[in-house]
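**Student:** Quick one, fold the following:
(chains A and B)
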Amino acid sequence: MNKKELINKLNKAYDVKAENKNKFIRKIKKSNISLFGFVINQAKYIRFSLFLKLLIFAVLMIAAIVSKTESQHIVFLYSIPVNALIFVLVIDSSRNNHMEELEMATRFSLKMVILARMFISGLMSFVLVIIMSVFTCVNENMLLSQTFYTFFLPYFATIYLCLKLLRKYRDNGFRYCLILTSIISVLMTLINALEINLNILTNNLFMLLTITIIVVLLINEINNYIKNTEELLWNL
Amino acid sequence: MKLEEQYEKIFKYCYMKVLDKHVAEDITQETFLRFLKANSYKDIGKQMPYLYTIARNLCTDFFRQRTTFELDESIPDPKYEKPKTYIEDALEKLDESDRELLFLRYTNKESINDLAKHYKVSRFVINRRIKKALERLKEVYGDE
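**Tutor:** This next block holds a predicted model:
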C-alpha cells in the first residue's frame, strides 16, 4: 500500500458522530446580541415608575432653576440622597421582585444584568446631579470642584450605605434605607442652614481623597452585594 | 473555525483515546466547559492546541479512574459500538504517541504549525516524527 492510500484511509478513520453535539453547543453558544443591544434590552426590565420618578425629579429641579429662588441649592441638597435612593432601588429590583435566581440562570450573568441596569438608571441620575452641580456653581458663585464635591459626596455615600443596609438587613433593608436617606437629606440642609463653614471645600486634596475613598468603597460594596446575592441563592 | 467543527474534532480525538462513544462525548463536553471557565467564548477558535491538551488530560484521568476487569474472549467487547476498520486496528498496534500524531495530522487534519505548538517542538521535528510514524503504520498495516 502506498503512502497516498494510507493517508486516505487515515482521513476516514474513527468516523463517529456525536449524538448530543447540537444540544450542547446551543447551551454554550454566546448570544448574537451586542453589548449595546443587551444594555438597551435591560431598559425594558426597569420599571416605568422609576423613569417617572426621575422625570418628576428632573421637573422639580428645572422648576427650582427657572424660579431662580435663593434657596435653589437647598432644594438640590435635600433631593440628592433621594435621587441616590431611586438609583439603589434599580440595583435591588432583582432581589426585591425575587427574580435573581431566574436572572442568574440566563445567558447573561446576574452581574452583567445588574451592571446594565445600573448604567441606564445611573446615567440619568448622574446627569441630574451634574446639572444641579453646574447650576449651583453658577448661582452660588462657587468653584465647580466644590459643587461637585458638595453634591457627589452625599450621593455616593447614600448609595454605598443603602447597599450595605440592603445587604445586611435583607427584609427590612428598604425601611432602613428610607430612614438613612431622610437623615442625610436633613443633615445636608442643616449644614447649609446653620452656615457651617466647611473649610474642607477649599482643600482640593482633601476633597479628592474623600471622593476617591467613597468611590472605591462603593465599587467594593456593589461587588459584595452581587456576590452576596449569588452566595445566598447557591446556599454557600 | 466554527464551534461545531471544533466539537467534532475534539470528540473524534476523545473517541480515538477511549474507544467509547458516550464517554468520548462526556469528555468532549467537559473539555469545552473547562476551556470556557478559563477563557472567553471568542478565544475557542484560536486555542485548538489548548483544547487538545485539556481533552488529553481528561482522557488520562478517565483511564486512571476506570476499574479494569477481565473479559471472556468469546464475549464481544461492549465498548466498540461500531466494528473497527483495519486502519483503526493497525493504529492501535502503534505506540500511543505515533497513533495520536497520525490521528491529529490526517484524521483531524491539523496543520503542522498547530501540531508543533501542541507538542512544543519545531515543525521539522513534527515532520520527521510523522514520517517515521507513517513508516511504522505501513509495516503494521502490511502485516494485516
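**Student:** Can you report how many residues lie near A:I86?
**Tutor:** Using other C-beta atoms under 10 Å in any protein chain shown, A:I86 is surrounded by 21 other residues. For the C-beta atoms, the positions are set from N, CA and C on the backbone; glycine is no exception.
**Student:** Can you tell me how far it is from A:C162?
**Tutor:** In this structure, A:I86 and A:C162 are separated by 11 Å, where distance is defined by C-beta to C-beta, to the nearest Å.
**Student:** likewise B:D61?
**Tutor:** Here B:D61 is placed at a distance of 48 Å from A:C162 (C-beta to C-beta).
**Student:** quick one: buried residues of the host helix or strand of A:F76?
**Tutor:** Using DSSP states H and E, the secondary-structure element containing A:F76 is helix A:72-96. Of the residues in helix A:72-96, those with enough neighbours to count as buried (16 or more other C-beta atoms under 10 Å in any protein chain shown) are A:72-73, A:75-95.
**Student:** from the residues you listed, which are also near chain B?
**Tutor:** Checked against chain B using C-beta under 8 Å from any C-beta of the partner chain, these give no members in range.
**Student:** residue ranges of the helices in chain B, please?
**Tutor:** Listed from the start of the chain, chain B has helices (DSSP state H) covering B:3-18, B:21-38, B:48-65, B:86-92, B:96-102, B:112-119, B:123-143.
**Student:** what angle do the last one and helix B:112-119 make?
**Tutor:** I take that to be helix B:123-143. For helix B:123-143 against helix B:112-119, the angle by axes from the mean of the first three to the mean of the last three C-alpha atoms, to 10 degrees is 90 degrees.
**Student:** ok, back up a step: show me what the helix holding A:F76 is packed up against.
**Tutor:** Helices and strands in packing contact with helix A:72-96 are listed as helix A:48-67, helix A:110-139, helix A:144-168, helix A:173-193, helix A:204-233; criterion 3 or more C-beta pairs under 8 Å, 6 or more residues apart in numbering or on different chains; DSSP states H and E.
**Student:** buried ones in the shortest one?
**Tutor:** Read it as helix A:48-67. Counting neighbours by 16+ other C-beta under 10 Å, one finds that the buried residues in helix A:48-67 are A:L50, A:K53, A:L54, A:F57, A:M61, A:A64, A:I65.
**Student:** my read: the third one touches A:S125, true?
**Tutor:** It stands for A:L54. Yes - taking C-beta atoms under 8 Å as the contact criterion, A:L54 and A:S125 are neighbours in contact, 6.7 Å apart.
**Student:** how about the residues of chain A near chain B?
**Tutor:** Applying C-beta under 8 Å from any C-beta, one finds that chain A approaches chain B through A:1, A:3, A:6-7, A:9-14, A:16, A:18-22, A:24-25, A:28-30.
**Student:** so who does the closest residue to chain A within chain B touch?
**Tutor:** As assessed by C-beta to the nearest C-beta, chain A sits closest to B:Y106 within chain B, at 3.7 Å. Applying C-beta atoms under 8 Å, 6 or more residues apart in numbering or on different chains to B:Y106 gives the contacts A:I7, A:L10, A:N11, A:A13.
**Student:** circling back to that earlier point, can I get the helices and strands packed on helix A:72-96 in a markdown table including mean pLDDT?
**Tutor:** A markdown table is the format used below for these (pLDDT from 0 to 100):
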| stretch | mean pLDDT |
| --- | --- |
| helix A:48-67 | 78 |
| helix A:110-139 | 81 |
| helix A:144-168 | 88 |
| helix A:173-193 | 85 |
| helix A:204-233 | 82 |
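**Student:** Tell me which of the ones you listed sits most buried.
**Tutor:** With neighbours defined as mean count of other C-beta atoms under 10 Å in any protein chain shown, those peak in mean count at helix A:144-168, which reaches a mean of 21.
**Student:** Just name whatever secondary elements it is in contact with.
**Tutor:** When contacts are defined as 3+ C-beta pairs under 8 Å, 6+ apart, helix A:144-168 packs onto helix A:72-96, helix A:110-139, helix A:173-193, helix A:204-233.
**Student:** Centre of the chain to that helix, how far?
**Tutor:** Centroid separation between helix A:144-168 and its chain, computed with C-alpha atoms, centre = their mean, to the nearest Å, is 12 Å.
**Student:** and what of stretch A:47-62?
**Tutor:** The offset between the C-alpha centroid of stretch A:47-62 and the centroid of the whole chain comes to 17 Å, using C-alpha atoms, centre = their mean.
**Student:** try stretch A:130-139
**Tutor:** Shown here is stretch A:130-139, whose average C-alpha point lies 23 Å from the average C-alpha point of the whole chain (C-alpha atoms, centre = their mean).
**Student:** Can you name the residues that contact the residue of chain A found nearest chain B?
**Tutor:** With C-beta to the nearest C-beta as the measure, A:L10 is the residue of chain A nearest to chain B, at 3.7 Å. By C-beta under 8 Å, 6+ apart, the contact list for A:L10 reads B:I87, B:L91, B:L102, B:F103, B:Y106, B:T107, B:L137.
**Student:** can you state the direction angle for the helix or strand harbouring it and helix B:123-143?
**Tutor:** Applying DSSP H and E as the criterion places A:L10 in helix A:3-11. Between the axis of helix A:3-11 and that of helix B:123-143 there is an angle of 90 degrees, by the same axes, to 10 degrees.
**Student:** Tell me the helix or strand right after helix A:3-11.
**Tutor:** For helix A:3-11, the following helix or strand on the C-terminal side (DSSP H and E) is helix A:21-28.
**Student:** quick one: contacts of that following helix?
**Tutor:** With contact meaning C-beta under 8 Å, 6+ apart, helix A:21-28 is reached by B:L3, B:E4, B:Y7, B:E8, B:F11, B:Q29, B:F32, B:L33, B:L36, B:Y41.
**Student:** just checking, the fifth one touches A:V16?
**Tutor:** Think B:F11. Yes - with contact defined as C-beta under 8 Å, B:F11 reaches A:V16; the gap is 7.5 Å.
**Student:** okay, and the common contacts of the two?
**Tutor:** Where contact means C-beta under 8 Å, 6+ apart, the residues bridging B:F11 and A:V16 through contact with each are B:A24.
**Student:** Alright, that wraps it up for me.
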